[in-house]
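**Q** Quick check, what structure comes out for this input:
(one chain, ligands or ions: 1)
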Amino acid sequence: MTGTASSKDPSKKFSQTTRVTQLGRDPQQNYGVVNPPVYHASTILFDTVEEMETRAAIKFEKGTLNYGRQGTPTIFSLENAIAELEGGYGAFAVSSGLGAITTAILSVVQSGDHILVTDSVYAPTRFFCNDVLKRMGVETTYYDPLIGGNISSLIKENTRLIFTEAPGSHSFEMQDIPAISQAAHNKGILVMMDNTWATPLFCKSFDLGVDISVHAGTKYIVGHSDAMLGLIVTTESCYQKIKETTFHLGQCSGPDDVYLAQRGLRTMAVRLRQHQESALEIARWLQQRPEVSRVLHPALPEDPGYALWSRDMTGASGLFSIILNPVDKAAVNAMVNDLDLYGIGYSWGGYESLILPSNPSSIRTATKWSAEGPLLRLHIGLEDTDDLIRDLEAGFKRMVR
Ligand SMILES: *Cc1c(COP(=O)(O)O)cnc(C)c1O
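**A** Here you go, the predicted model:
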């Protein structure tokens, strides 16, 4: 019980399916109990004033216990697990995925800076840039997600950060992250990636050159639609700055939400295997439907993003979109409203299927979204695929009236 190496040290010799069952756990330190304890903590007591002062001086060092807001063993356990899984140096658990994005960006920009953000970005990230960053005097330029290495033509003297997201929210374009990273690093610029879709299991963002990766833990890591959580994963060189900024912003996460994320992590590999398989089966079925013009899913060989996806990711999750052939809104609503198994609602990554009509053209500024018909985004949950297909089939019948 020395508190150093565990007998179950999750060495890299194990596959990641095995590692998600082990990372961040240390039963030997915890009376043999399988899972880390859930510490509910604000105050953390010190033995002496001297001890308090020593701890305050190292408060920005990884794993320092100082005050509940700055992390507890429960929180460090999840942070370490996610960092190790994705290949980063350290991680930070914060209140939501959007909180992870905004905190990470605020950690690296200052007034007068310029940042580049993909036009396919998660919409609330855009709203943050257009509102808060703008008020702070940070300028945002949106770029074509397919730009690749040509991003260098958009880099200005004061460009500080390139924000990427692959595949794109709702529209699923893949981005050439290694090419973008190389162009950025040539000019000393940082690269951030919203890696929520692929998760730390299917995309090792740091191998692609990313400096800071952000996740909506709310989605597949929690995996059961019952908690909000964000994660920032970083290289060693960006760690300190993010640690300080989370401190200054008062960012933290709740013990029970972190516990739910740890619990979700244990089954993430098997859940994702099923999400992937079911989503691909349904995507292929949708490709054959006369009502569907195109399926936007980078793991389909017909998808324009397939080459990048197969080069940079080792799996796909359960979220993709379809473009319908031209049809009016009432017909789309008739289809969507009466589905039995697909809920209408935001978020995704839980065990249950969801569907959402969406129109990327309303927010794009760098590129024009020209789809032949309405877009529907589907999250394929863990239900039986025959049931899910029959439900969609009945929905398509309702579209023709
Ligand atoms: C949902 C989502 C977020 C935000 O996560 P929240 O936990 O809902 O704040 C960020 N990025 C992507 C790609 C998302 O889908």
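**Q** At which residues are the strands of the stretch 151-300 of the chain located?
**A** When secondary structure is read from DSSP state E, counting those that start in this stretch, the stretch 151-300 of the chain shows strands at 159-165, 190-194, 212-216, 230-234, 292-296.
**Q** Can you lay out those strands as TSV showing distance to the ligand and mean neighbour count?
**A** C-betas here are computed from N, CA, C, even on glycine. Compiled in TSV, the strands of the stretch 151-300 of the chain are given as follows (distance: least, CB to the nearest ligand atom, whole Å; neighbours: other CB atoms under 10 Å):
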stretch	distance to the ligand	mean neighbour count
strand 159-165	6	24
strand 190-194	5	26
strand 212-216	3	29
strand 230-234	6	29
strand 292-296	15	20
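**Q** Could you dump those into TSV and include mean pLDDT?
**A** Listed next are these as TSV, based on pLDDT from 0 to 100:
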stretch	mean pLDDT
strand 159-165	98
strand 190-194	98
strand 212-216	98
strand 230-234	98
strand 292-296	98
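**Q** which stretch among those strands comes nearest Ser42?
**A** Put simply, out of the strands of the stretch 151-300 of the chain the one that sits nearest Ser42 is strand 230-234, at 20.5 Å, with distance taken as CB to CB.
**Q** ok, now which ones touch the closest residue to the ligand within the stretch 1-150 of the chain?
**A** In the stretch 1-150 of the chain, the residue that lies nearest the ligand is Gly97 (2.2 Å; CB to the nearest ligand atom). The contact partners of Gly97, by CB atoms under 8 Å, 6 or more residues apart in numbering, come to 196, 214-219, 228-230.
**Q** ok, now Val94?
**A** With contact taken as CB under 8 Å, 6+ apart, Val94 is in contact with 100, 103, 229-232, 246, 251-253.
**Q** Can you lay out those residues as a markdown table showing distance to Phe46?
**A** Rendered in a markdown table, the data for these read as follows (distance: CB to CB, whole Å):
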| residue | distance to Phe46 |
| --- | --- |
| Ala100 | 30 |
| Thr103 | 27 |
| Leu229 | 29 |
| Gly230 | 29 |
| Leu231 | 29 |
| Ile232 | 28 |
| Thr246 | 22 |
| Gln251 | 23 |
| Cys252 | 20 |
| Ser253 | 23 |
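**Q** Closest one to Ile115 out of those, please.
**A** Within the set of the contacts of Val94, Thr103 lies nearest Ile115; the separation is 14.7 Å, counting by CB to CB.
**Q** Quick check: phi and psi on the closest one?
**A** Geometry field for Thr103 lists phi and psi as phi -70, psi -40, criterion degrees, to the nearest 10.
**Q** Which pLDDT does the model give the nearest residue to it once chain neighbours are set aside?
**A** Nearest non-adjacent residue to Thr103, counting by CB to CB, 6 or more residues apart in numbering: Gln251, 5.2 Å away. Confidence at Gln251, expressed as pLDDT, is 97.
**Q** Same check on the one 4 residues further on?
**A** Listed pLDDT for Pro255 reads 97.
**Q** just Ser7 next, same as before
**A** Looking at Ser7, its pLDDT reads 42.
**Q** One more: the one 5 residues further on?
**A** Turning to Lys12, the model gives it a pLDDT of 64.
**Q** Check Asp303 too.
**A** In this prediction, Asp303 has a pLDDT value of 98.
**Q** ditto for Gly90
**A** For Gly90, the pLDDT comes out at 98.
**Q** residues from the protein in reach of the ligand?
**A** 96-98, 122, 169, 194, 196, 216, 218-219, 228, 230, 347 (CB under 6 Å from any ligand atom).
**Q** Mind putting the residues you listed into TSV with distance to Gln262?
**A** What follows is the residues of the chain next to the ligand, written out as TSV (distance: CB to CB, whole Å):
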residue	distance to Gln262
Ser96	17
Gly97	17
Leu98	21
Tyr122	24
Ser169	26
Asp194	22
Thr196	18
Ala216	16
Thr218	14
Lys219	15
Met228	15
Gly230	15
Ser347	19
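**Q** just checking, what packs against the longest helix seen in the chain?
**A** In the chain, with assignment by DSSP state H, the single longest helix is helix 255-287. Using 3 or more CB pairs under 8 Å, 6 or more residues apart in numbering; DSSP states H and E as the contact definition, the elements that helix 255-287 packs against are helix 16-22, helix 73-86, helix 199-202, strand 292-296, strand 319-324, helix 385-399.
**Q** ok, residues contacting the shortest one?
**A** Spelled out, it's helix 199-202. With contact meaning CB under 8 Å, 6+ apart, helix 199-202 is reached by 16, 20, 82, 85-86, 213, 215, 219-221, 233, 268-269, 272, 313-317.
**Q** That one: which residues count as buried?
**A** In terms of neighbour count (16 or more other CB atoms under 10 Å), helix 199-202 has its buried residues at 199-202.
**Q** State the pair within those that is farthest apart.
**A** Spanning the widest gap among the buried residues of helix 199-202 are Pro200 and Phe202, at 8.1 Å by CB to CB.
**Q** Sketch out the low-pLDDT regions of the chain for me.
**A** 1-12, 401 (pLDDT under 70).
**Q** okay, now the nearest residue to Ala166 once chain neighbours are set aside: neighbour count?
**A** If the residues on either side of it in the chain are set aside, Ala166 comes closest to Gln175, at 4.3 Å by CB to CB, 6+ apart. Other residues near Gln175 number 26, with proximity taken as other CB atoms under 10 Å.
**Q** Test my guess that Gln175 contacts Leu308.
**A** Yes: look at Gln175 against Leu308 with CB atoms under 8 Å: they come within range, at 7.2 Å.
**Q** residues shared between the contacts of those two?
**A** Both Gln175 and Leu308 are in contact with Ala166, where contact means CB under 8 Å, 6+ apart.
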